[in-house]
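Visitor: Give me the fold of what follows.
(chains A and B)
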There are 2 protein chains.
Amino acid sequence: MNRSTSAPAPAPAVIARARALVEPALRAAVNELDDERMRLIARYQLGWCDQHGNPTSSGGKAIRPTLAVLSAQAGGGQPDAGVPAAVAVELVHNFSLLHDDVMDRDLERRHRPTGWAAFGEGQAILAGNAMLTAAAQVLLGDGPAGARALPCLLDATQRLISGQSEDLVFERQAAITLDGVIRMEAGKTGALLSCAASIGALAVGAPAPVVEALASFGLDLGMAFQFVDDVLGITGDPEVTGKSASSDVRAGKRSAPVVAALSAGTEQSRQLAGLLAAGPPQTEEEVALAARLIVDAGGVDWATREADARLSAALAALDAVELPAEARDDLIAMGRFVVNRDY
Amino acid sequence: MNRSTSAPAPAPAVIARARALVEPALRAAVNELDDERMRLIARYQLGWCDQHGNPTSSGGKAIRPTLAVLSAQAGGGQPDAGVPAAVAVELVHNFSLLHDDVMDRDLERRHRPTGWAAFGEGQAILAGNAMLTAAAQVLLGDGPAGARALPCLLDATQRLISGQSEDLVFERQAAITLDGVIRMEAGKTGALLSCAASIGALAVGAPAPVVEALASFGLDLGMAFQFVDDVLGITGDPEVTGKSASSDVRAGKRSAPVVAALSAGTEQSRQLAGLLAAGPPQTEEEVALAARLIVDAGGVDWATREADARLSAALAALDAVELPAEARDDLIAMGRFVVNRDY
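Guide: Okay, the predicted model is just below:
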């Protein structure tokens, strides 16, 4: 069926379809965990239950598993051929969230206590480890398709780890370059999005140029995604994002737009540097002032332009190869959605 | 060559031979890590360098990689067929040490600051993650042999994680049963030893009964190993163990012999329970008294007898199958060594 003649599905419908396909397999993978505590923390982290195991319904944005399913279609396979890869990518993503929250001492995620805040640091670290290990187990259980996909996932995991490591270094470092932050964000976000967008194609044995184009699409999309996230961390509405207002500013996080603002050489850049020199802003007034200075020094504009440029690059990567029309339409819809979201 | 007619090699020679075979591949795997910090922490954790990267020479006991190499031989392969499995097992072991030290807040290991004490908690967690991920990558890089070995490693990793999770729960729990501690130690130590002893045979495609006998050998050996470790944590010489005298007593750790002592129903059991009720012993006198009460209540005797019984069971498992004579001799030597060591 060539659907490009009819109207493409909007991203939320694409995500809902992928989620319906992936979630049963993701639940089955979590049920396979040896240990009752690990299962509980994994379910909590995935938004399926509260701290006591009572069912809840709220989860993440499911962008990565959706990309993995679309990736299998883009590689010429059926959507369900991308399911084990989607499950594995989502497990790795949540492993990294659980661990990052420990390292960053973040107390809240998606309007709830973070995993370590709810279950203790040690158990949260262990549940992350169990999810990472389970990701590899899921792919190993998928025969030759999984064996083709697993190296991509492990490479992305190493880059994710390196990006987080760099982020921790930056937190203690006085001066950070914009190149440095972009490299770090390429590790923390770009690597796994690139993997998500190409791993399904790998699983179905798509030709190398298709896999490479999808990986390139995913990397640029990941950077666009991150820049949008960074902007939301400065200007986002707490009711919509599930984080406190200006959460990144409050945490003193020097994300790409903040570093762009600091590097802009304007009067506001100097004021911002002075304000942040002593650490994260302390009062509500200081938080608001810092957010305004980042905007006025052009940091948010820079990140918004950069997100648009990365989206264009991502879409251009898709143009370089022949893809099934429906998968291409859905990937394009996902790309636009990621850049235009407000949460 | 059937060497069973000549004198079997003593365990230190077996270990030295395996170490010489495995270490270059282990170094190569660490060199493959993306990130300079991750490489440094991995090298430090493996005992190859100090905090600044200057070469040092001291490492772990190398029991797990030695078993993996012997396992390949026991399965009918050449020793080098067990090298990727040995590297992977040693990486997983060190991943767990790095993380456990964070969770247990241990400050010293092998006469040096632990990884997190030297490099910070976040970086130590990340380096552990990088080592776990690298373990899977090493096996994936080993073709069909690695693909046969990887499920065993991942299963053992899940059991390791569950064991550590249970250990953390026990730390906050007033009453612990001896069965509970033994189950926890089977996860924390038995699972990876069982994997080490069977993974080489899996890699070389040995028949299932051989793999199962080796896994059973490794599990019992692992329990014997752990009980000896527990005894050393009560009575060990700090100069030899690299830990403080009675280090487990000092930390208030309720290892198997401690729980056996508490459960013995003697006058000393009651005194010990009273002493430990308020938490770990505080003064040197209290530490010495607690150690003496554990001995007098029969905890150390229990663990020593249990270690001997587990060694006998391990050796009996080997008797159930045909194995190449040299590999069998070396496995027996390793078994005796593990139980008779003083560090």
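
Visitor: Can you get me the start-to-end distance on stretch A:166-184?
Guide: 6 Å (CA to CA, to the nearest Å).

Visitor: So is it next to chain B?
Guide: Yes. Stretch A:166-184 is in contact with chain B by CB under 8 Å from any CB of the partner chain, via A:166, A:168-169. No exception for glycine: its C-beta is placed from N, CA and C like everyone else's.

Visitor: Tell me if I'm right that A:R159 and B:D34 touch.
Guide: Yes. With contact defined as CB atoms under 8 Å, A:R159 and B:D34 form a contacting pair (6.1 Å).

Visitor: from the chain's centre, how far out does stretch A:86-106 sit?
Guide: 10 Å (CA atoms, centre = their mean, to the nearest Å).

Visitor: how about that stretch: buried residues?
Guide: Using 16 or more other CB atoms under 10 Å in any protein chain shown as the burial criterion, the residues of stretch A:86-106 that qualify are A:86-104, A:106.

Visitor: Also near chain B: which of these, exactly?
Guide: Within the buried residues of stretch A:86-106, those near chain B by CB under 8 Å from any CB are A:99, A:102-103.

Visitor: Now those in JSON lines, please, with extra columns for distance to B:A208, pLDDT and secondary structure.
Guide: JSON lines is the format used below for those (distance: CB to CB, whole Å; pLDDT from 0 to 100; DSSP: H, G, I helix; E, B strand; the rest coil):
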{"residue": "A:H99", "distance to B:A208": "37", "pLDDT": "98", "secondary structure": "helix"}
{"residue": "A:V102", "distance to B:A208": "40", "pLDDT": "97", "secondary structure": "helix"}
{"residue": "A:M103", "distance to B:A208": "42", "pLDDT": "96", "secondary structure": "helix"}
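
Visitor: With distance to B:R254 added, can I get those in CSV?
Guide: Below are those laid out as CSV (distance: CB to CB, whole Å):
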residue, distance to B:R254
A:H99, 28
A:V102, 26
A:M103, 29
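
Visitor: Just name the closest of those to A:A9, please.
Guide: A:H99 (34.2 Å; CB to CB).

Visitor: quick one on the thing from earlier: by neighbours, which of the residues of stretch A:166-184 next to chain B wins?
Guide: A:E166 (23 neighbours; other CB atoms under 10 Å in any protein chain shown).

Visitor: Count the residues that sit near A:E285.
Guide: A count of nearby residues for A:E285, using other CB under 10 Å, gives 9.

Visitor: is it fair to say it lies in a strand?
Guide: No. Under DSSP: H, G, I helix; E, B strand; the rest coil, A:E285 sits outside any strand and is assigned helix.

Visitor: Residues of chain A that sit close to chain B?
Guide: A:33-35, A:37-38, A:99, A:102-103, A:120-123, A:125-126, A:129-130, A:132-134, A:136-137, A:140, A:147, A:150-151, A:154-155, A:157-159, A:161-162, A:164-166, A:168-169.

Visitor: Over stretch A:256-273, what's the mean pLDDT, rounded is fine.
Guide: Averaged across stretch A:256-273, the pLDDT comes to 96.

Visitor: Output the below-cut-off pLDDT ranges for the stretch 1-150 of chain A.
Guide: For the stretch 1-150 of chain A, the stretches with pLDDT under 70 are A:1-6.

Visitor: could you redo the last one with a cut-off of 50?
Guide: A:1-4 (pLDDT under 50).

Visitor: just the strands in it please.
Guide: For the stretch 1-150 of chain A, the strands defined by DSSP state E, counting those that start in this stretch cover A:108-109, A:112-113.

Visitor: Could you list the paired strands of the last one along with their orientation?
Guide: The sheet places strand A:112-113 alongside strand A:108-109 (antiparallel), with pairing taken from DSSP bridges.

Visitor: Please report how far the residue nearest the centre of chain A lies from chain B.
Guide: With distances taken as CA atoms, centre = their mean, A:T189 lies nearest the centre of chain A, 5.3 Å away. Here the criterion is CB to the nearest CB, to the nearest Å. By it, A:T189 lies 16 Å from chain B.

Visitor: Let's have the residues of stretch A:166-184 next to chain B in JSON lines, adding secondary structure, pLDDT and distance to B:L70.
Guide: Converted to JSON lines, the residues of stretch A:166-184 next to chain B look like this (DSSP: H, G, I helix; E, B strand; the rest coil; pLDDT from 0 to 100; distance: CB to CB, whole Å):
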{"residue": "A:E166", "secondary structure": "helix", "pLDDT": "96", "distance to B:L70": "40"}
{"residue": "A:L168", "secondary structure": "helix", "pLDDT": "95", "distance to B:L70": "40"}
{"residue": "A:V169", "secondary structure": "helix", "pLDDT": "95", "distance to B:L70": "41"}
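
Visitor: sorry, back to before: which one of the ones next to chain B among the buried residues of stretch A:86-106 sits closest to chain B?
Guide: A:M103 (3.8 Å; CB to the nearest CB).

Visitor: wait, what's in contact with that closest one?
Guide: A:164, A:168, B:121-122, B:125-126 (CB atoms under 8 Å, 6 or more residues apart in numbering or on different chains).

Visitor: same deal with A:P280?
Guide: A:249-252.

Visitor: most surrounded residue in the residues you listed?
Guide: A:V249 (26 neighbours).

Visitor: My guess is it contacts A:L232. True?
Guide: No. Using CB under 8 Å, A:V249 is not in contact with A:L232; the gap is 11.3 Å.

Visitor: need the residues of stretch A:166-184 next to chain B in CSV with distance to A:E322, can you?
Guide: Shown next, in CSV, are the residues of stretch A:166-184 next to chain B (distance: CB to CB, whole Å):
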residue, distance to A:E322
A:E166, 37
A:L168, 42
A:V169, 42
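
Visitor: In which helix or strand does the residue of the stretch 201-343 of chain A at minimum distance from chain B reside?
Guide: When distances are taken as CB to the nearest CB, the stretch 201-343 of chain A reaches nearest to chain B at A:L202, 13.0 Å away. Using DSSP states H and E, A:L202 sits in helix A:191-203.

Visitor: cool, and A:I161?
Guide: helix A:143-171.

Visitor: Could I get the average pLDDT for the next helix or strand after that helix?
Guide: Of the helices and strands lying after helix A:143-171 in sequence (DSSP H and E), the nearest is helix A:178-185. In this model, helix A:178-185 has a mean pLDDT of 97.

Visitor: and the helix holding A:I161, what other elements does it pack with?
Guide: helix A:83-104, helix A:121-140, helix A:178-185, helix A:191-203, helix B:36-45, helix B:121-140 (3 or more CB pairs under 8 Å, 6 or more residues apart in numbering or on different chains; DSSP states H and E).
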